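Enquirer: 3D model of this:
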Amino acid sequence: MKKIQVVLLLFLLWPSPVSAAYVVVSEGVVIEGVNEHEIQSVASISKTMTALLAIEYSELQDIVVVDKETTLQIGSSLYLEENEQYTMLSLLFGLMMRSGNDAAYLIAKHVSGSSEQFAVLMNERAEQIGMKNTTFRNPSGLDETDGGNLSTCYDMALLMEEAMKNEVFRIIVSAKTYESEHKDIWQNKNKLLYRYEYANGGKTGYTVNSGKTLISSANNGKNENVVVSFREGDYFDLHEQLHEKAFSMVESHLLIRKGTYTVRGRQVTVDQEIDLLIPKDGKIELTFYYENRQLIIDYVNYDQQRRLSYDMTEGKHD
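Expert: Model prediction:
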């Protein structure tokens, strides 16, 4: 089971300048945090959800025709022209690399028939992920007319954590450049991919209402972090520093190796290694149970009681 440590950063709303605040989360557990549940407009990092849903609800080779309404979208754009045809894959690269609002609208219309219906799907998926303080109103993150998409650093980190489980999403957000079928060459706006060796994904955002927003992911071969920031001018510098800090704070420990085990006279199979991120300066006491065909692990991490459970059937572990 893949463990992802999430590091979130939150800044209070403009115009009252405040010091940086952050929270460290491992699988939804807050290790350390300040104001991580503060709600604000999140701008184009909303497109993380748009991309995830497009991957889940369409085929990458779907041919999508640009309509007139798509060409009228404001803000950052791919400058799609009416009647042009793009694969869904190309639109996804343009969406996440160049933050094309026209691509967001076209993707939403292709998947759900309209932006409004797509927003319904976004909110349903957010509920599944556990994003309790999030409201999506559109696929792009624009907030000039409808108030935009409202969320928190914590919720957006949960979203990125979920999205990074998808291999197609990981490929798209880690790409530095992409050439579309129309010979458009797009470069990724996430500068961390060019300057930070462990960066492996992310999405920038900005509106006047939201200020600068950024999600970034980094993997040093041992741990994977997600950093989310609101209203931080030097966000690339800040994210790099926080990823480095996160890597220095915890280490991954193997709990159970892959293999077949005999538990209470029954054979169960663990098909993936189960590991846990543990603070380098702390201790965690683990208690293992096998109840109702589930392997249950209880532990306390940063004064928070946690329980992990793994469904098991005879001869198989999911």
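
Enquirer: count of residues packed around the closest residue to Gly259 other than its chain neighbours?
Expert: Closest residue in space to Gly259, ignoring its immediate chain neighbours: Val270 at 6.0 Å, by C-beta to C-beta, 6 or more residues apart in numbering. From N, CA and C alone the C-beta is placed, and that goes for glycine too. For Val270, the count of nearby residues is 19 (other C-beta atoms under 10 Å).

Enquirer: what about Asn133, distance to Ser44?
Expert: Here Asn133 is placed at a distance of 19 Å from Ser44 (C-beta to C-beta, to the nearest Å).

Enquirer: still on that earlier bit, doesn't Ile256 make contact with the residue nearest to Gly259?
Expert: Yes: using C-beta atoms under 8 Å, Val270 is in contact with Ile256, at 5.5 Å.

Enquirer: Looking at Asn133 and Ser44, which is more packed in?
Expert: Ser44 (29 against 14).

Enquirer: So the more buried one is in contact with Gly202, correct?
Expert: No: contact criterion C-beta under 8 Å: Ser44 and Gly202 do not qualify, at 11.3 Å.

Enquirer: Would you state the helices of the stretch 1-150 of the chain in chain order?
Expert: For the stretch 1-150 of the chain, the helices defined by DSSP state H, counting those that start in this stretch occupy 47-57, 68-71, 88-98, 101-112, 115-129.

Enquirer: Pass me the low-pLDDT residue ranges in this protein, would you?
Expert: Low-confidence segments of the chain (pLDDT under 70): 1-34, 263-266, 277, 281-284, 293, 301-306, 308, 310-318.

Enquirer: Report the residue ranges of every domain in it.
Expert: The chain is divided into the following domains under automatic domain parsing: 5-250, 257-317.

Enquirer: and among these, the most buried is which?
Expert: domain 5-250 (a mean of 20; mean count of other C-beta atoms under 10 Å).

Enquirer: Enumerate every residue touching the closest residue in space to Ser140 that isn't next to it in sequence.
Expert: Nearest non-adjacent residue to Ser140, counting by C-beta to C-beta, 6+ apart: Ala104, 4.0 Å away. By C-beta atoms under 8 Å, 6 or more residues apart in numbering, the contact list for Ala104 reads 47, 50, 73, 95, 138-141.

Enquirer: hmm, try it at 6 Å
Expert: Ala104 sits next to 47, 50, 95, 139-140 when contact means C-beta atoms under 6 Å, 6 or more residues apart in numbering.

Enquirer: and what of Ala119?
Expert: By C-beta under 6 Å, 6+ apart, the neighbours of Ala119 are 136-138.

Enquirer: do you know which of the helices of the stretch 1-150 of the chain lies nearest Tyr289?
Expert: When these are compared by C-beta to C-beta, helix 115-129 sits nearest Tyr289, at 26.6 Å.
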